[in-house]
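1. Sequence and predicted structure are below.
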Amino acid sequence: MQDIAIIEDPAAAEASLDPIRTQILRELVQPGSATQLAVRVGLPRQKVNYHLKALERHGLVELVEERRKGNVTERVVQATAASYLISPTALAAVSPDPRRFADRFSAFWLLALAGRMVQEVGKLLAGAAAARQKLATFAIDGDITFRSAADRAAFAEELGVEVTRLVDKYHDGGAAPQGRRHRLVVALHPALKETNAPKAANQTAGKEQDND
């Protein structure tokens, strides 16, 4: 089972968005049969079977084992991933294209960049899985509280200068044969309001490093 599966097929995306099927996928983080699922989700086994066939047809559920019980064969299935993310590829005709405009202060451009990231990393993960390799990535996620809008603007300005300096330092403009182009996205946006939200800056970084 994958940690996260990227859904690119429009039909698979449609199937996953059905509320009952979403509930079934959540239950199938652990393997189960149609009979077991019927009890968990409160639906007749025949109806659960109908939804399971649709999910399996779109690659969202897979067979784990078959158990023989008398004259009946019980199929035990499991979700193909613990979580799913729908790629903008599923809505290719209307998905945002960050190349259409570039505005560092536009929330819509930020969304377009995020959508492109989901699409590209999803394809890279599929390729890495086929090659049985890990995908080399690096991410930073943190919270920072600014005293004022002026402080936020100053921070953004300094961050931009530092990122540009690092890009100039490490970018190989000669495009060496052994070089590999990487995508860099830096984002800053207000955090959603939460109860007891942390007031101090707190950063965590995650890193996977291997061949790509």
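-> Looks like it came in fine.
2. count of neighbours near the nearest residue to residue 90 once chain neighbours are set aside?
-> Nearest residue to residue 90, sequence neighbours excluded (CB to CB, 6 or more residues apart in numbering): residue 13, at 4.2 Å. For the C-beta atoms, the positions are set from N, CA and C on the backbone; glycine is no exception. Per other CB atoms under 10 Å, the neighbour tally for residue 13 reads 18.
3. ok, now which ones touch residue 13?
-> By CB atoms under 8 Å, 6 or more residues apart in numbering, the contact list for residue 13 reads 7, 86, 90.
4. where's it relative to residue 63, distance?
-> Applying CB to CB, to the nearest Å, the value for residue 13 to residue 63 is 22 Å.
5. go on, residue 56?
-> Counting by CB to CB, the gap from residue 56 to residue 63 is 7 Å.
6. in the protein, which segments are predicted with low confidence?
-> Along the chain, the model assigns pLDDT under 70 to residues 175-176, 195-212.
7. and with 80 instead?
-> 69-70, 173-178, 194-212 (pLDDT under 80).
8. quick one: the helices in it?
-> For the chain, the helices defined by DSSP state H cover 10-17, 19-27, 34-41, 45-57, 107-130, 149-170.
9. what would these look like in JSON lines with distance to residue 184?
-> Listed next are the helices of the chain as JSON lines, based on distance: least, CB to CB, whole Å:
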{"stretch": "helix 10-17", "distance to residue 184": "28"}
{"stretch": "helix 19-27", "distance to residue 184": "33"}
{"stretch": "helix 34-41", "distance to residue 184": "43"}
{"stretch": "helix 45-57", "distance to residue 184": "36"}
{"stretch": "helix 107-130", "distance to residue 184": "11"}
{"stretch": "helix 149-170", "distance to residue 184": "7"}
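10. out of those, nearest to residue 188?
-> Of all these, helix 149-170 sits nearest to residue 188, with 6.0 Å by CB to CB.
11. wait, what's in contact with the residue most central in space within the chain?
-> Among the residues of the chain, the one closest to the centroid is residue 85, at 4.6 Å (CA atoms, centre = their mean). By CB under 8 Å, 6+ apart, the residues touching residue 85 are 4, 5, 6, 7, 118, 122.
12. same thing but 7 Å
-> For residue 85, the contacting residues are 4, 6, 7, 118, by CB atoms under 7 Å, 6 or more residues apart in numbering.
13. Please name the bridge partners of the third one.
-> Residue 7 has the following beta-bridge partners by DSSP bridges: residue 86.
14. Look up how far residue 160 lies from it.
-> Distance from residue 7 to residue 160, by CB to CB: 34 Å.
15. which one of those two has more residues nearby?
-> Shown here are residue 7 and residue 160; by other CB under 10 Å, residue 7 has more neighbours (23 against 13).
16. That one touches residue 91, doesn't it?
-> No - under the criterion of CB atoms under 7 Å, residue 7 makes no contact with residue 91, lying 11.0 Å away.
17. Can you say which of the helices of the chain is nearest to residue 81?
-> helix 19-27 (8.5 Å).
18. Can you list the helices and strands that the closest one packs against?
-> With contacts defined as 3 or more CB pairs under 7 Å, 6 or more residues apart in numbering; DSSP states H and E, helix 19-27 has these neighbours: helix 10-17, helix 34-41, helix 45-57.
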